[in-house]
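Chemist: got a predicted model here, sequence first, then my questions.
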Amino acid sequence: MGPMEDTSPIGNTSSMEDTSPIGNTSSMEDTSSMEDTSSMEDTSSMEDTSSMEDTSSMEDMDNKLRDENGESDLARADDLYAQGEYEEAIAAWERAERRGAYGFSIFYKKAQSLRRLGRYEEAVASLEKALEVESKNADAWRAHAFCCSQIERDEIALSSAERSLAIDPANARTWIVRGFALHRLGQYERAVESYARAIELCPMGSDGRRAWNNRGAALDNLHRHEEAIESYDEALMIDPFDIYPWNNKGVALGILSRHEEAVRCFQKAIEIEPLYATAWKNLGLAYRALDRDQEAEEALSRARELGL
């Protein structure tokens, strides 16, 4: 299957790497870049999945149990968050909590900071507190789904994504998160449908690109490689400098024994990101399939130098 970004490879299946015919290794973007070897755009890239920026109204939901010191900590936490100082922001929110501060925006923003630091278990716990306060917030349910997907709680991620969609069914990003969870659960047909819905809602932009790429990865898992290639091409029309669909397209072409074309795709991914180890490894395997052994060994050696 092709790289699904975000985030965290859909099942780390990606990696054409281990196969000597370039096998089903596409990357799904996570919904963040799942980048790792399986480019399901992880979902890190999914980072914006729940924009904290939209939380101006959340301030109104904060409980009034804050004392003056708590108020000061909250203001400082917000400033630190805006500056990208997430560790310090978390510490300030926790001080405010200890002094009695309580409210949706505190737990939600703290969760967003934890997510940005890759502390997904803690982010899930903070989001669950936020949802106790405001159970009908679609952004919080989507963020909860995303964080659960990063720690392989895929059934819970799917449930949370569906809770979010029950509140806001027109959010393309949530359909991507749902597709990501389904993909990781091996429910590829349903994942394709979920990505297709995201594309209907947002055919262009970063969400459209992720949806097309991840749709291709799911199609690869269904052995529908020609359709997968069409999806990767759509993603590349949106962003020709995205390494994931280039790598994934190369994987699909390799499966179809179109190795010369696969080589060009992997070379393009490497041209864009010279440190993309997965593309180096896949390039080596494609060269090997063409009996270009010296070039294969050079590419595979470079992949090993980069950690694969």
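Modeler: Arrived safely.
Chemist: contacts and neighbour counts: CA atoms only from here.
Modeler: Will do.
Chemist: would you mind putting the CA coordinates of stretch 298-307 into CSV?
Modeler: Output in CSV follows, covering the C-alpha atoms of stretch 298-307 (Å, rounded to 0.1, in the frame of the first residue of the first chain):
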residue,chain,number,x,y,z
GLU,A,298,24.3,2.4,-3.8
ALA,A,299,20.7,3.3,-3.2
LEU,A,300,20.2,0.6,-0.5
SER,A,301,23.4,1.6,1.2
ARG,A,302,22.2,5.2,1.3
ALA,A,303,18.9,4.0,2.9
ARG,A,304,20.9,2.1,5.5
GLU,A,305,22.9,5.2,6.3
LEU,A,306,19.6,7.0,6.8
GLY,A,307,18.4,4.4,9.3
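Chemist: in that stretch, which residues are buried?
Modeler: Judged by neighbour count (16 or more other Cα atoms under 10 Å), stretch 298-307 contains these buried residues: Glu298, Ala299, Leu300, Ser301, Arg302, Ala303.
Chemist: how many residues are close by Pro245?
Modeler: 40 (other Cα atoms under 10 Å).
Chemist: could you do Glu162 as well?
Modeler: 21.
Chemist: swap in Gly205?
Modeler: Gly205 has 12 neighbours, counted by other Cα under 10 Å.
Chemist: just give the nearest non-adjacent residue to it, would you?
Modeler: Closest residue in space to Gly205, ignoring its immediate chain neighbours: Ile238 at 6.7 Å, by Cα to Cα, 6 or more residues apart in numbering.
Chemist: cross-check the contact I'm expecting between the one you found and Met204.
Modeler: Yes. Using Cα atoms under 8 Å, Ile238 is in contact with Met204, at 6.4 Å.
Chemist: helices and strands around the longest helix along the chain, which ones?
Modeler: Counting by DSSP state H, the longest helix found in the chain is helix 205-221. Contacts defined by 3 or more Cα pairs under 8 Å, 6 or more residues apart in numbering; DSSP states H and E place helix 205-221 against strand 4-5, strand 28-29, helix 172-184, helix 188-201, helix 225-238, helix 243-255.
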